[in-house]
Structures are given as structure tokens and as C-alpha cells.
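Participant: Make a model of this:
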Amino acid sequence: MGGNLVVHSAKEHYRQIFNRRTTGEVRTLAHIKRFLECLGGDVAFKSALSENVDNPRSVTARYGIEVDPMLPLWHSSYRKFYREPECASWPLAVTWREYMDEMVCHRDILRDQGNMSVASPRFHAWRERQMRRCDDVLGTSAESITHPVIAFELSEGCTGGCWFCGLSAGQFKGYFEYSKEHAHLWRGVAAAVPNSSRKSRSGGLAWNRHSNVD
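Facilitator: As a prediction, the model looks like this:
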């Protein structure tokens, strides 16, 4: 896995990330992702892993995670090797690094495809100011924001309640259920999006909700 991709659009780039991998490789990525989720969100898992550094597979097996722990991804004594040639000793760590590099590239494509300098110069100038403001206030974490030119919220409130929410989302009150009537309304909304916004190729459904879409 890895290598350069021919980029035509964010959509095509995203498809290539997975289409060029086998089913087994995608499954491996899913298990690595699960490992990192447990590491970050399950105190018992993290504690057990720390107590079984010499035999971490005994811990991951109990959680149904079918990959050997990749030390450069989590162990403080090995993180320094993550971007170094020595990381080759942990092939799955390299696998994850290559995947994440491609996802970061996809993120940057999404941001760049929001360029509106021709379609709407005034909006483009405003968006550029917001991007610079975030860079100044948020530092390196601002890189994770793609600044889509338009987004649609299909729920009211959020089920997560994260204290750090940048949207100050309220408590979840419901979502826009699918029905023929709602489908017709949604198609009308999508069709009414100004042509200049569609030209940007940068937009999506709002993130003001919490759900597992794996």
C-alpha cells in the first residue's frame, strides 16, 4: 500500500484510497482503527495494554482485534520511530501511516476545492480570512478544518455533548426522518443551491451529531 495517486477530485481521490486496496487490507485498517479507538477511549484496555507490553496480543484478542499492536503508534518508547526507517520493523504501523497520509491529502483536497475566487470573489475573500483566523487562533489543529462552503444539518442538536464542541451544539432533539415527502423536499433544497456554491465542489452534511458510521 502507499504510493502516489492521480487526483481528479476529492470524490475520486477518496474512492481510490479504498478501491486500490484489497478487502483484506481494508479489514486490517479497520482493526487498526479499532485498536486506536480502544486505546483512546477505553481506560481498562489502555491499562491492560500497559501491563502486558511484552504480550499485548493477549489483550487485543479479548477485544476481538485481529492485529498485533504496533508499538510506534502508541508506546512512548517507540513513537520516535513512527516517521523513521526503523518503523519498517512494524509493518502495520507503516500501513496505518500511509493510510493516514492519504486521508490528510484528501482533507487538503477538500479544503482546496472550496476555492471560490472565480465564482464568488467576495465570498472567497471572506473564506480566506476565516482560514487565516483559524490558523492564528487554533494553531496546527486548524489544519483539520476543511472550511466547506456549504453544509446541511439533518438533525437538531447532538447526542455527543463533547465539552470542546466548536459548534456549541445543543442537546439532541431529533433528526430529519426519511419519507417520500422529506425526500422531495431534500431534492428541492439540493437543486436550489446557488450554482456558484455547486461549482466549488466543497460541501457536505453537517457534523452536528454523533454517530458511528464504520
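
Participant: Show me what counts as buried in the top helix by length along the chain.
Facilitator: When the chain is parsed with DSSP state H, its longest helix is helix 91-112. Buried residues in helix 91-112, defined by neighbour count with 16 or more other CB atoms under 10 Å: 92-97, 99, 102, 105-106, 109-111. Backbone N, C-alpha and C define where each C-beta goes, glycine included.

Participant: same deal with stretch 137-150?
Facilitator: 145-146, 148-149.

Participant: Among these, which one lies nearest to residue 165?
Facilitator: Among the buried residues of stretch 137-150, residue 145 lies closest to residue 165 (CB to CB), at 13.6 Å.

Participant: which residues does that closest one contact?
Facilitator: Residues near residue 145 by CB atoms under 8 Å, 6 or more residues apart in numbering: 111, 131, 134, 138.

Participant: Tell me where the protein has helices.
Facilitator: Per DSSP H, the chain carries helices over the ranges 10-19, 23-41, 43-51, 57-60, 71-74, 91-112, 121-138, 180-192, 195-200.

Participant: Against which helices or strands is the fifth one packed?
Facilitator: Secondary-structure packing of helix 71-74 (3 or more CB pairs under 8 Å, 6 or more residues apart in numbering; DSSP states H and E): helix 23-41, helix 91-112.

Participant: how near is the residue positioned nearest the centre of the chain to residue 49?
Facilitator: With distances taken as CA atoms, centre = their mean, the chain has residue 103 as the residue nearest its mean C-alpha position (7.3 Å). Going from residue 103 to residue 49 by CB to CB, to the nearest Å gives 24 Å.

Participant: do residue 35 as well
Facilitator: Noted for residue 35: a distance of 9 Å to residue 49, by CB to CB.

Participant: now do residue 99
Facilitator: 22 Å.

Participant: Next: residue 171.
Facilitator: As judged by CB to CB, residue 171 and residue 49 stand 34 Å apart.

Participant: and these two? which has more neighbours close in?
Facilitator: Set residue 171 next to residue 49 and count neighbours by other CB atoms under 10 Å: residue 49 wins out with 21 against 9.

Participant: So the more buried one sits against residue 73, correct?
Facilitator: No: using CB atoms under 8 Å, residue 49 makes no contact with residue 73, being 11.4 Å away.
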